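# Structure, please.
(one chain, ligands or ions: 1)
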Amino acid sequence: MFIEVNSANRKTGWIEVVCGSMFSGKTEELIRRLRRAQIANQRVQIFKPTIDRRYSEEDIVSHNRNSIPSTPVSSAEQILLLASNVEVVGIDEAQFFDMELTTVARTLANRGIRVIVAGLDMDFRGQPFGPMPQLLAMAEFVTKVHAICQVCGSLANYSYRLTAEKGTVVLGEQETYEPRCRKCFFHGIEEEASGGESVDASKI
Ligand code: ZN
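This is a model prediction of the structure:
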């Protein structure tokens, strides 16, 4: 469990990254930290990319329907313009932002703001996703959260796409993606490449 650093007498900012696969609880963890900051009477502002319209235009909503009000923005640069008079900035679905997000996060942290970034660390191909690798390198604190592999029950850190769509950004729910462990993820990728249809865990 992440415990916030005691910054009561320090005017310094920092970057936290919460990352993992689909259904790993990233957004729940982001919301948990933001709620605690609110309880501590800190001024909190939350942003998410406008591309993520799955549930609500205005709220960050996790898969278990926990929600917290947020501001949708179409580019990372807008966060700098809109984040004013705040102590904590939360950014959800960070993988969908442009690379400018790294500069934005650094600028905010250098201003003394606590920046909490949540996002998918890898896309459905198992490749680092958007600005996440840079943010992971720049962050003071990194938390990788894990889902449960839907094939074998191990810890999962990959998002396996169940449909044949090839674009990197395909938003979806259980019917589109499932979390998988390394073994089952790459087994699935190999099966796809060889034209196979399903994965039998007992034969892995
Ligand atoms: Zn597995």
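# Tell me the confidence at Ser24?
With respect to pLDDT, Ser24 scores 96.
# my bad, should have said Val170
58.
# ok, now Glu165?
pLDDT, Glu165: 67.
# What about Gly126, how many residues nearby?
17 (other Cβ atoms under 10 Å). Quick note: C-beta positions are derived from backbone N, CA and C, even for glycine.
# To which secondary structure element type does the one residue sitting closest to the centre of the chain belong?
Taking Cα atoms, centre = their mean as the criterion, Gly119 is the residue nearest the geometric centre of the chain, at 1.4 Å. Following DSSP: H, G, I helix; E, B strand; the rest coil, Gly119 is assigned to strand.
# where's Ser70 relative to Val115, distance?
Ser70 sits at a distance of 15 Å from Val115 (criterion: Cβ to Cβ, to the nearest Å).
# Would you state the helices of the chain in chain order?
Using DSSP state H, the helices of the chain run over 26-39, 76-82, 100-110, 132-138, 182-193.
# need the contact list for the nearest residue to Gln42 once chain neighbours are set aside.
Nearest residue to Gln42 in three dimensions, chain neighbours excluded: Glu87, at 4.3 Å (Cβ to Cβ, 6 or more residues apart in numbering). The contact partners of Glu87, by Cβ atoms under 8 Å, 6 or more residues apart in numbering, come to 37, 42-44, 113-114.
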